[in-house]
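predicted model follows, preceded by the sequence.
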Amino acid sequence: MIAYQGTLLTILLIISLASGQEEDPTLKITPSKVAAQTGENAEFECSFPDNESLNVFWLFPNNTAVNQSIDSRYEDSDGTLSISDLVEGDEGEYICTTLTRDMNATATLKIYVMPSYFTEAMIVMGINIVLVLIFIGCGINQYVQTRKEKKTNLRKPANLDI
């Protein structure tokens, strides 16, 4: 009985020690990945769930601070990174970090470019215009041929068999 209680106490001790260990604190980014078209806006929010007052800031993919950028399209305010009027060069992994840089989290920005179908639309319109002109030309030709036949038939004397 004593051995059974000892085993039970050992199991309870292991469970309490395992549950007492805290995970390393981490930064949380919402959303962690964004895909957007050129010209749109993107926004990432970085927070530290255990300590809302912890100051965080954003780094570009090349590890320079966003808040030191002279480009007004980027704004780093209270852990929120806002990028307006996206261009292809904005694509990459942005890093949210603390002042001591002991914690990091990464946000991924993917930029896609929608192709312009202007050239293809002009080709289709050109083909349609040519087809309409051919259709109208065929109609006019048929009309002219029919008129010629009627004139020719009127000039011919009728064979009168008596």
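That came through, no problem.

where's stretch 62-78 relative to the chain centroid, distance-wise?
With CA atoms, centre = their mean, to the nearest Å as the basis, stretch 62-78 stands 22 Å off its chain's centre.

and the residue most central in space within the chain, which of the three is it?
The residue lying closest to the centre of the chain (CA atoms, centre = their mean) is Ala36, at 2.9 Å. Look at Ala36: counting by DSSP: H, G, I helix; E, B strand; the rest coil, its state is strand.

touching, it and Glu43? I think so.
No: under the criterion of CB atoms under 8 Å, Ala36 makes no contact with Glu43, lying 10.0 Å away. The way it works is simple: take the backbone N, C-alpha and C, and place the C-beta from them, glycine included.

pretty sure Lys148 is in a strand, no?
No: counting by three-state DSSP, Lys148 is not found in a strand; it is helix.

how close does it get to Trp58?
81 Å (CB to CB, to the nearest Å).

coming back round to it: next up, the contacts around the residue nearest to the centre of the chain.
42, 86, 109-112 (CB atoms under 8 Å, 6 or more residues apart in numbering).

now the residues you listed as JSON lines including neighbour count?
Converted to JSON lines, these look like this (neighbours: other CB atoms under 10 Å):
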{"residue": "Ala42", "neighbour count": "19"}
{"residue": "Leu86", "neighbour count": "20"}
{"residue": "Leu109", "neighbour count": "19"}
{"residue": "Lys110", "neighbour count": "12"}
{"residue": "Ile111", "neighbour count": "19"}
{"residue": "Tyr112", "neighbour count": "11"}
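
secondary structure element for Pro49?
Per DSSP states H and E, Pro49 falls between elements, in no helix or strand.

wait, I meant Thr97
Assigned by DSSP H and E, Thr97 belongs to strand 92-98.

list the contacts of that strand.
Counting by CB under 8 Å, 6+ apart, 27, 29, 44, 46, 48, 54-61, 63, 66, 79, 81, 103-109 sit against strand 92-98.

I'd like to know which of the residues you listed are buried.
The neighbour count (16 or more other CB atoms under 10 Å) marks 27, 29, 44, 46, 48, 56-60, 66, 79, 81, 105-109 as buried among the contacts of strand 92-98.
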